[in-house]
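Participant: Below are the sequence and a predicted model for it; my questions follow.
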Amino acid sequence: MINGADIHLLLPEIILGLAAIVVMLSIAVKRCHLFAHIFSLAAFALAFISLFLIHVNGTQVTDLFITDGYSRFFTGLIIAAAFFIAAISYPYFKTRDIHKEEYYILLILATLGAVSMVISNHFISFFLSLEVMSVSMYSLIAYLKNDSIGIEAGIKYLVMAAVSASILLFGFALIYAQTGQMELSKLQGTISAAVAKDILFIAGMALVIAGIGFKMALVPFHLWTPDIYGGAPAPVSAFVATVSKGAAFAFLLRFFHDLNGSVHNSVWIAFAVIAIASMLIGNLLALRQQNIKRILAYSSIGHLGYLMVALLAASVVGIKAAVFYLVTYFISMLSAFGIVSYLSGKDNELYDLDDYKGLFWQRPWLAALFTMVLLSLAGIPLTAGFMGKFYLLLSGIGSSLWILTIVLVVSSFVGLYYYLRVALMMFTHSELPRQKFKGGSFVPASILLALMFIFLLWIGIFPGTLLDIIQHLIPAI
Amino acid sequence: MILLDLILILLFGGFVSWLISKWNQLAGRIIALITVIIDLIITMIIWISHAPTVSLLNKGPWISDFNHRWIPQLGVSFHLALDGLSLVMTALTLFVGALSIVASWKEVREKSGFFHFNTLWLLAGIVGVFLSMDLFLFYLFWELMLVPMFFILSIWGYENRKYASIKFFLFTQISGLLMLLAILGLYFIHGNATGTYTFDYFALLGTSSWGPLGFWLMCGFLIAFLVKLPAVPFHSWLPDAYVQSPTAGSVILAGLMTKTAAYGLLRFVLPLFPRSAHAIAPLMLLLGVIGILYGAKMAYAQTDLKRLVAFSSLSHMGFILVGVFSFTALAYQGTLMEMVTHGISISALFIIAGAIHERTKDREMGMMGNFWEQMPRMGGITLIFVLASLGLPGLGNFIAEFLVLGGAFQAHALWGVLAAIGLVGSMIYSLVILQRIFQGESRKEWKLADFSIRELIVMACFIIVIFWLGFFPQTILHTTQPVFDHIEQQVDIHAIQQGGAS
């Protein structure tokens, strides 16, 4: 049972839940975009600060949730990302002719779902959190209701997510049927050698992989990704790319770790095949894209594939590498979508590759940041992405996963090509008038982007700080 | 500390030059030039003043050492060290770098600030490669060279620059990543054996055996260096990148970046994997000889001046490969001389090619001819470097090729003889440059200005050095002698211990 002493451990979630209600009520009183915006920023900031007030020591809050260093780290990461997304949303939606206030409710709720996923220790709590996030995301993706592509993306996501959720649920049910346990931390004890080999248990694992793989957009469950990224408003695409995937991955990593190798070899192989397919196919499909959001979509498929290598390394180094990589991935992806939405005008988004022609000569700092982001995604030294990829390779080789690491290297080589294409586009001379890059002169968003620039460099050059934080919070899950 | 300064000055100078160029291009250029010259002076001071080489940790003849904790969690330290080999290469880098800035004084007009930023960062990356004694740091600088070069190539290059720049980047990147895997392999094998996980060169050097993986780990290093050098089957990026670069880009690419690969072979492949290196030596000698002959043949067949020079560079790289894998101190010395003198002669040739292109807006030699009449100074200077390139005694390149061939002959007479045939080839294609461009009939009415004072100064610097090296090669040989004695010892001792390193 939950008791008064434990309730404060859920402080961030409670703050987010309350914030959503307050914004909702405020709309009933008076619609004000700026209020909703600033209030949600404050709520995220408060939730983030509250993380430092609670003392975590791996306490379980009822059977459903667990608050340890690991979950705290991810909660912080997700809230920080949501803060960034909320910040870049204001200039994006400001000029648009729609009701904007509800957007923030949905954003807060989706974030609430994501942080609850991260602290879940139980199939039920995970599933409910997942649904809180998914349902909010359906409407977020289709938020620009005058935009038929956005609506299409929303419906596509709705159908796909609903199907995958039921698959996931079925998988949980099968595992429960075999083990009689839905709590992650107790699951391992119930898996005897006989159970591990049982076909129903393996089938259950396979279905869980499919369900979570859908959220993480791993190949072959990736088909929705480019359409959703392309159709959703840029800030929402950022949310899909980072928070939603990150939360799913955080749970999967905990799940996989708690099983602690007591899974059948076939499950491991399935994961490995999915990882290899995601790395290769994600990067290969990105090669011919012309739409920058779709490029980022495919690239994110590849990146999640890289993360799987660290997951499969199944070592303490692997967990840290995965967490580290996820941070660098968050920073890069958020900045990339931040720039896209920053440059978007009133009615159109700047997503066509050709639109970026000559950006460097007109907005050098923005182009420099974007180049830095692309180099980081490609894993070129002095950027955060390089350190992340390096750490991944380190964990992979540390566990002797030679094939996976070689595939990682080859696919990041493929990936380099399309990142360079985008970078080259920005450095191409363009005779177009300055007006083209008119969008984006909102000071807070500029400051945040500048901050991202510093993060990218800082982690790239002095990764020790982040490594220490990870080491401190995640000695072991 | 001084070693760190060498790199920081370049990084900082590049940044300042970029900012200053916003309001005054000339000031930006001057700052860039002064930055490199300051660095060059520091290097020369080290060279002149260094006492009889001090021995560092008994690990070889080291002059200066800088070790700082960087990412202790992963066993990465910021470890720079300088021995005779690094010293000579650093001096070469800064010398050629400074002259390349002067040479492109007029060529790069647009965004010259960003250009100098890239040039200086590129030089910093190259210097970093020559000084790094931590494999992680080495890889970092190795990759860091790519990005500025990519921008120089893709922004200021010629008509087909995008294709060339992407090809260049991809080739070097994939090979670099394979090297990273190999580095990580070393890290873990060493760590598992000793309990200390570190990327430090000297610590890894102490490992006596890499186990069954040793050969493959060496291949990881080797592939990165062979692509960058480039050696024959991996050279397809070379003609594109060399030809499409602006002058300064070609100069740095051909004159300096290829030398990082040769340096890598001498510094890492041989001492870390002596036995595997011996095992693969026949193949490498074969590739070297093929490179010499094939490069010469291809150079002769070109009608584009820069392409011709590019393939001549490929041919000379073959000598380096032969020199490295002959395993004699004589050949090592020759390799180093080849690195230096080739760095100088190829730079001069690319600057001449750039100057001709600037004047004619054309690289096709078919349209040229009888340029001597209008540009006697350029013709005379070209003659000197053409002769240097074909290995005329009295010029530095002769010493280099002579030593390499001598060393190779000692070790494997057959390969020595085959490589020597390349000299005949280089004679032919080198003289063709002179003949097609400066002599013969003029095919078109050209109005051409001869070398300006600025260009003459650049050329004078190159000429002095190439003659100096031809007559007093001891200047360099003396500095590097202890290093190569040490390498020869390392490679040899291990080879004798049959059960030893792999």
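Facilitator: Perfect, thanks for sending it.
Participant: Flag the shaky bits of the chain, pLDDT-wise.
Facilitator: Answering for chain A, as no chain was given. Low-confidence segments of chain A (pLDDT under 70): A:1-5, A:56-58, A:261-262, A:346-347, A:430-441, A:476-477.
Participant: wrong one, I was asking about chain B
Facilitator: B:51-61, B:493-502.
Participant: interface residues of it facing chain A?
Facilitator: Residues of chain B lying near chain A by C-beta under 8 Å from any C-beta of the partner chain: B:70-74, B:111, B:136, B:139-140, B:143-144, B:146-147, B:150-151, B:154-155, B:162, B:165-166, B:169-170, B:173-174, B:177-178, B:180-181, B:184-185, B:187-188. In short, each C-beta sits where N, CA and C put it, glycine included.
Participant: Filter these down to the buried ones.
Facilitator: In terms of neighbour count (16 or more other C-beta atoms under 10 Å in any protein chain shown), the buried residues within the residues of chain B next to chain A are B:70-71, B:73-74, B:111, B:136, B:139-140, B:143-144, B:146-147, B:150-151, B:154-155, B:162, B:165-166, B:169-170, B:173-174, B:177-178, B:180-181, B:184-185, B:187-188.
Participant: Out of the residues you listed, list just those in strands.
Facilitator: B:Trp70, B:Ile71 (DSSP state E).
Participant: sorry, back to before: can you tell me which of the residues of chain B next to chain A end up in helices?
Facilitator: Among those, the members falling in helices (DSSP state H) are B:136, B:139-140, B:143-144, B:146-147, B:150-151, B:154-155, B:162, B:165-166, B:169-170, B:173-174, B:177-178, B:180-181, B:184-185, B:187-188.
Participant: which SS class is the residue with the largest distance to the centre of chain B?
Facilitator: Residue farthest from the centre of chain B, counting by C-alpha atoms, centre = their mean, is B:Glu445 at 38.0 Å. Here B:Glu445 is recorded as coil under DSSP: H, G, I helix; E, B strand; the rest coil.
Participant: give the contact list for A:Tyr103.
Facilitator: Neighbour list for A:Tyr103: A:Ala36, A:Ser89, A:Phe93, A:Leu140, A:Tyr143 [criterion: C-beta atoms under 8 Å, 6 or more residues apart in numbering or on different chains].
Participant: how many other residues sit next to the fourth one?
Facilitator: Read that as A:Leu140. Per other C-beta atoms under 10 Å in any protein chain shown, the neighbour tally for A:Leu140 reads 25.
Participant: you'd agree B:Tyr158 is up against B:Gln244?
Facilitator: Yes. Contact status for B:Tyr158 versus B:Gln244: in contact at 4.9 Å, counting by C-beta atoms under 8 Å.
Participant: how about the helix or strand containing A:Phe126: buried residues?
Facilitator: Here A:Phe126, judged by DSSP states H and E, is contained in helix A:123-141. By neighbour count on 16+ other C-beta under 10 Å, the buried set for helix A:123-141 is A:123, A:125-130, A:132-141.
Participant: A:Gly154 and B:Asn118, how far apart?
Facilitator: A:Gly154 sits 44 Å away from B:Asn118, going by C-beta to C-beta, to the nearest Å.
Participant: would A:Trp446 count as being in a strand?
Facilitator: One thing to correct before we go on: residue A:446 is Ser, not Trp. No. Looking at A:Ser446 with three-state DSSP, it is helix, so not inside a strand.
Participant: Look at it and say how many residues are nearby.
Facilitator: When neighbours are counted by other C-beta under 10 Å, A:Ser446 registers 15.
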